[in-house]
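> next come a sequence and a model predicted from it.
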Amino acid sequence: MAITESEVTISQIVGTREKTLKPDDYNVHITQYDEDNGIINATVLKKYNAKNRPGAMYNVTIQYLPAGQLTQTSTVSVVCTCPDFITRWSYVLNAHNAHYVSPYKTGLNSQYDISMTQAPKHTNPGMQVGACKHIRLVIQSALTL
Ligand SMILES: [Zn+2]
């Protein structure tokens, strides 16, 4: 998907949800921060689940413009592999050309094919622009690098 068409900025994604992130509860690992091409790849692991064991790990990709450092005014396409992204944010972000789609065919892409075309009537009826906490944690981390 062409990043140039995205209408969504970093500050829109970070600023829309007031719920406090708890960065200490997660390990955010940025595996790639490619300033030349405006790509950030990261994994986000919840340190402990309810049973005091390591929680689920999700993959986040952020593609942004302009290239260089990520800023509050960068426009972005994003994706996360978590259920919250798929059920709440995928459709709305796609409607704003802000849903990153991997150029590589994976099993996940077919899941997004469905989520991008089914409006989140129950999970996001107001069609609010935003993203899951994993994406917001990666953005927060990348902005402070
Ligand atoms: Zn997520």
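Here it is on my side, so go on. Since the model is a prediction, treat every value here as computed from it, not as a measurement.

> is the ion contacted by the lowest-mean-pLDDT helix or strand in the chain?
Lowest on mean pLDDT, DSSP states H and E among the helices and strands of the chain sits helix 107-115, with a mean of 78. No. If you take CB under 5 Å from the ion as the test, helix 107-115 misses the ion, and the best it gets is 12.4 Å. Quick note: C-beta positions are derived from backbone N, CA and C, even for glycine.

> return the residues of the chain in contact with the ion.
Residues of the chain lying close to the ion by CB under 5 Å from the ion are 58, 80, 82, 85, 132, 134.

> okay, the last one: pLDDT?
It refers to residue 134. The per-residue pLDDT reported for residue 134 equals 95.

> farthest residue from the center of the chain?
With CA atoms, centre = their mean as the measure, the chain has its most outlying C-alpha, relative to the mean C-alpha position, at residue 51: 26.3 Å.
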